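> sequence and predicted structure, then a few things I'm wondering about:
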Amino acid sequence: MARFTLPRDLYHGKGALEELKNLKGNKAIVVVGGGSMKRFGFLDRVEAYLKEAGIKVKLFEGVEPDPSVETVLRGAEVMREFEPDWIVAIGGGSPIDAAKAMWAFYEYPDVSFDDLCIPFNFPSLRTKAKFCAIPSTSGTATEVTAFSVITDYQKGIKYPLADFNITPDVAIVDPDLAETMPQQLTAYTGMDALTHAVEAYVSTLHCDYTDPLALHAIKMIHNDLAKSYGGDLEARARMHNAQCLAGMAFSNALLGIVHSMAHKTGAAYSGGHIVHGCANAMYLPKVIKFNAKDSEAAKRYGEIARFIGLKGDTDEELVDALITEIRSMNEGLSIPTCIKEYEGGIIDEAEFNDKLATVAELAVGDACTGSNPRQITPAEMEKLLICCYYDTEVDF
């Protein structure tokens, strides 16, 4: 038996934000990030719509990129004082992910972060509040997923929290919010969405319910990401839908080792963070090559290639065509080919090699590794990470 879970209601299209006027409740805490939603007037609109619904509003502002355990605990404390019956999170993946984790600590003050790190180990939520998610970026799809990524900065590790309990009750996918994304963010989030869909399609847990969502998302992203990056707002609106479809797929089929590697390299190095979407984009071609040693995975990558119009007579030729196409997409989006080139070389080679064994072991233990189509050992993960650092060939 398998399970397929989505939000109870999903409102989409221009002007969908106005649906907040129809929420039923008494108090809502609005969780938001660093200020772009306020600058562009969306936060004011959220407050106004909720007040029009007769709901008292409190703001929790300033959630950082790659939200920390400390921010989550601080937000949960504010929630316990305010006692909202709605948690409304607006912005990129960070404030929505943070709010999901806050939700658990709000309803269960005695739960530990270590408890939540165990996949599908959350307590039953909705004893105090429901959750509404409003994304402003077109990548994470956290508005429809059972996932939240929280960073423990003391350990330098990103933890993917996973439980169907944290799938939002309401998702509002309004492309007006995505129009404000900077060009680089458009590229990184778009390739994050592509990675979600590709990994979901080849996951060991894919099924008849997730496959069509993943394939259609891949085709939409392949058609529209470059146009969205170039400023085409109609393409950007379609990308906002595509990333959401990819999220529906991966939330139920789960992911693979592209994400395991991105999680564990993201905050590991003193030179700076590797932005999640960029990490996925750099690692995806290498992981496809690694996974394609598995014949079933190669077949499914070939199906993706054919679906987006690539040519090849054999699975091997189609896999190579898909890898070439993804690398070409990265180049067109000004995404580096490898970690060594990232941000002009901020990830020090000596530090990378010094931490290699630890990062590899953590990546193998990541929650996303279990559904990867080809099993991987820590030694193989070390080799794969080296390929991703130097852009060398995967031949094992």
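Perfect, I can see it now.

> after the helix or strand residue 200 falls within, which helix or strand is next? Please name it.
Element membership for residue 200, per DSSP states H and E: helix 183-202. Counting by DSSP H and E, the next helix or strand C-terminal to helix 183-202 is helix 211-229.

> list the buried ones in that following helix?
211, 213-222, 224-226, 228-229 (16 or more other CB atoms under 10 Å). Heads up, the C-betas are built off the backbone N, CA and C, glycines and all.

> what is the nearest of those residues to residue 371?
residue 214 (13.0 Å; CB to CB).

> just give me the neighbour total for residue 81.
The tally of other residues near residue 81 (other CB atoms under 10 Å) stands at 9.

> so how far is residue 108 from it?
16 Å (CB to CB, to the nearest Å).

> looking at the buried residues of helix 211-229, which is nearest residue 194?
For the buried residues of helix 211-229, the nearest to residue 194 is residue 221 (4.7 Å; CB to CB).

> pLDDT value on the closest one, please?
The per-residue pLDDT reported for residue 221 equals 98.

> need the contact list for it.
Counting by CB atoms under 8 Å, 6 or more residues apart in numbering, residue 221 makes contact with 190, 193, 194, 197, 239, 242, 243, 246.

> CA atoms only for the helix or strand containing the last one, dumped as PDB, please.
Meaning residue 246. Here residue 246 sits within helix 233-253, counting by DSSP H and E. What follows is helix 233-253, C-alpha atoms only, in PDB (Å, rounded to 0.1, in the frame of the first residue of the first chain):
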ATOM      1  CA  LEU A 233       6.200  36.900 -17.200                       C
ATOM      2  CA  GLU A 234       3.800  34.400 -18.800                       C
ATOM      3  CA  ALA A 235       6.500  31.800 -18.700                       C
ATOM      4  CA  ARG A 236       7.200  32.800 -15.100                       C
ATOM      5  CA  ALA A 237       3.600  32.200 -14.300                       C
ATOM      6  CA  ARG A 238       3.700  28.700 -15.900                       C
ATOM      7  CA  MET A 239       6.900  28.000 -13.900                       C
ATOM      8  CA  HIS A 240       5.100  28.800 -10.700                       C
ATOM      9  CA  ASN A 241       2.600  26.000 -11.600                       C
ATOM     10  CA  ALA A 242       5.300  23.600 -12.800                       C
ATOM     11  CA  GLN A 243       7.300  23.800  -9.600                       C
ATOM     12  CA  CYS A 244       4.100  23.100  -7.700                       C
ATOM     13  CA  LEU A 245       3.400  20.000  -9.800                       C
ATOM     14  CA  ALA A 246       6.900  18.800  -9.200                       C
ATOM     15  CA  GLY A 247       6.300  19.200  -5.500                       C
ATOM     16  CA  MET A 248       3.200  17.100  -5.600                       C
ATOM     17  CA  ALA A 249       5.200  14.400  -7.300                       C
ATOM     18  CA  PHE A 250       8.200  14.400  -5.000                       C
ATOM     19  CA  SER A 251       6.300  14.900  -1.800                       C
ATOM     20  CA  ASN A 252       4.700  11.500  -2.400                       C
ATOM     21  CA  ALA A 253       7.500   9.600  -4.400                       C
END
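
> after that helix, which helix or strand is next?
With DSSP H and E, the next secondary element past helix 233-253 is helix 257-266.

> quick one: contacts of that following helix?
66, 149, 151, 157-160, 195, 199, 273-276, 279-280, 283-284, 287, 290-291, 339, 359, 362-364, 366-369, 372, 376, 381, 384-385, 388.

> and the next element down the chain from it?
Using DSSP H and E, the helix or strand that follows helix 257-266 in sequence is helix 276-291.

> quick one: furthest residue from the center of the protein?
residue 313 (33.3 Å; CA atoms, centre = their mean).

> quick one: it is in a strand?
No. Counting by DSSP: H, G, I helix; E, B strand; the rest coil, residue 313 is not part of a strand but coil.

> begin at 35 from now on, thanks
New numbering, starting at 35: the last item is residue 347.

> pLDDT at it, what is it?
If you check residue 347, the pLDDT there is 97.

> how about it, what does it touch?
Residue 347 neighbours (CB under 8 Å, 6+ apart): none.

> isn't there a strand covering residue 93?
Yes. Per three-state DSSP, residue 93 lies within a strand segment.

> so the residue lying closest to it once chain neighbours are set aside is in which element?
Take residue 93 and drop its neighbours on the chain: the residue closest to it by CB to CB, 6 or more residues apart in numbering is residue 64, 5.2 Å away. Residue 64 belongs to strand 61-66 when assigned by DSSP H and E.

> now do that strand: everything it contacts.
Against strand 61-66 from outside (CB under 8 Å, 6+ apart): 72, 77, 80-81, 84, 89-97, 109, 112-113, 116-125, 129-130, 132-133, 136.

> follow-up on the earlier one: next, the angle helix 245-263 makes with the helix holding residue 234.
Helix 217-236 runs at 160 degrees relative to helix 245-263, counting by axes from the mean of the first three to the mean of the last three CA atoms, to 10 degrees.

> just give me how far helix 217-236 sits from the chain centre.
8 Å (CA atoms, centre = their mean, to the nearest Å).
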